[in-house]
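> Quick one: sequence and predicted model below, then my questions.
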Amino acid sequence: KAGVTQTPRYLIKTRGQQVTLSCSPISGHRSVSWYQQTPGQGLQFLFEYFSETQRNKGNFPGRFSGRQFSNSRSEMNVSTLELGDSALYLCASSLLENSPLHFGNGTRLTVT
Amino acid sequence: DQQVKQNSPSLSVQEGRISILNCDYTNSMFDYFLWYKKYPAEGPTFLISISSIKDKNEDGRFTVFLNKSAKHLSLHIVPSQPGDSAVYFCAASLGAGSYQLTFGKGTKLSVIP
């Protein structure tokens, strides 16, 4: 069974631009979550989607948004990029509540 | 306010010995706890979990202990192997209906051959 796939793996953007990251969950997993990893803050929850509905959102500004499609694939978007948005963005999928999240290898975003 | 804390940023252990990684939490509503292992340039990989109704869970060389009264959990790796060298994250969930994990900042384990 294929794991969680994230594209692209690396991305370099300029301040003020916007970016869209993509995630394909494990087949059959309907919950998709996004996390941001930075050296200072560790792994922080961005949002979680289930059946195309956002169920939870972390403490991030409105510039961070996401969506989920009917095939469970998900995208996250960051608008008006800031230098502090440079991070590893991780997508995870899960089959059931209270079961482990399975992570992709992430997208490394660098904002210059 | 950090609800899940891993107070040791790094740990070095000799190959064959026991590695003990610690984690403390402050939110008594956390119901489910997990450990993840992360290599550079890869996503976290699930290792082992424990529900709050248990105090111990074993899986091969990995054992997680939960002390609810102390709000403390630990991961024991016995025996430690060089391939175990990675960053280990402790994570907690609020339980039923929750897919959101709160992570600690990680402990970098180095197993010395």
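Here it is on my side, so go on.
> what's near enough to touch the residue found closest to residue B:43 once you drop the neighbours it is linked to in the chain?
The shortest distance from residue B:43 to any non-neighbouring residue, by C-beta to C-beta, 6 or more residues apart in numbering or on different chains, is to residue A:103 (3.4 Å). In this view, the C-beta of every residue, glycine as well, is placed from N, C-alpha and C. Applying C-beta atoms under 8 Å, 6 or more residues apart in numbering or on different chains to residue A:103 gives the contacts A:4, A:35, A:90, A:91, A:92, B:36, B:43, B:44, B:45.
> Against residue B:13, how distant is the third one?
Here residue A:90 is placed at a distance of 27 Å from residue B:13 (C-beta to C-beta, to the nearest Å).
> about what we covered before: what does the model give the residue nearest to residue B:43 for pLDDT?
Residue A:103 is assigned 95 on the pLDDT scale.
> same check, this time on residue A:95
Taking residue A:95 on its own, its pLDDT is 86.
> cool, and residue B:96?
pLDDT, residue B:96: 60.
> Ok, the one 3 residues further on next?
Model confidence at residue B:99, given as pLDDT, is 77.
> same thing with residue A:98?
69.
> that older thread, between residue A:90 and residue B:13, which is the more surrounded one?
Applying other C-beta atoms under 10 Å in any protein chain shown to residue A:90 and residue B:13 shows that residue A:90 carries more neighbours, namely 25 against 19.
> For beta bridges, what are the partners of the more buried one?
Applying DSSP bridges to residue A:90 gives these bridge partners: residue A:35.
> I'd like to know which of the contacts of residue A:103 are buried.
Among the contacts of residue A:103, the ones that count as buried by 16 or more other C-beta atoms under 10 Å in any protein chain shown are A:4, A:35, A:90, A:91, A:92, B:36, B:43, B:44.
> residues contacting the residue in chain B that chain A sits nearest to?
Using C-beta to the nearest C-beta, the single residue of chain B nearest to chain A is residue B:43, 3.4 Å away. Contacts were defined as C-beta under 8 Å, 6+ apart; by that measure residue B:43 touches A:4, A:90, A:92, A:103, A:104, A:105, A:106.
> Which members of those are the farthest-apart pair?
A:92 and A:105 (11.2 Å; C-beta to C-beta).
> need the residues of chain A near chain B, please.
A:4, A:31, A:33, A:35, A:41-45, A:48, A:50, A:55-56, A:58, A:90, A:92, A:94, A:97-98, A:100-106 (C-beta under 8 Å from any C-beta of the partner chain).
> In strands, which of the residues you listed fall?
A:31, A:33, A:35, A:42-45, A:48, A:50, A:55-56, A:90, A:92, A:94, A:102-103 (DSSP state E).
> closest to residue B:84 among the residues you listed?
residue A:103 (18.5 Å).
> what bits of chain A have low per-residue confidence?
Scanning chain A for pLDDT under 70 picks out A:1, A:98.
> Mind telling me which residue of chain A is nearest chain B?
Closest point on chain A to chain B, by C-beta to the nearest C-beta, is residue A:103, at 3.4 Å.
> tell me which element residue A:11 is part of?
Taking DSSP states H and E as the definition, one finds residue A:11 inside strand A:10-13.
> How far does that strand sit from its chain's centre?
15 Å (C-alpha atoms, centre = their mean, to the nearest Å).
> Are there helices or strands packed against it, and which ones?
strand A:19-24, strand A:107-111 (3 or more C-beta pairs under 8 Å, 6 or more residues apart in numbering or on different chains; DSSP states H and E).
> Show me what it pairs with in its sheet, parallel or antiparallel.
Strand A:10-13 is paired, per DSSP bridges, with strand A:107-111 (parallel).
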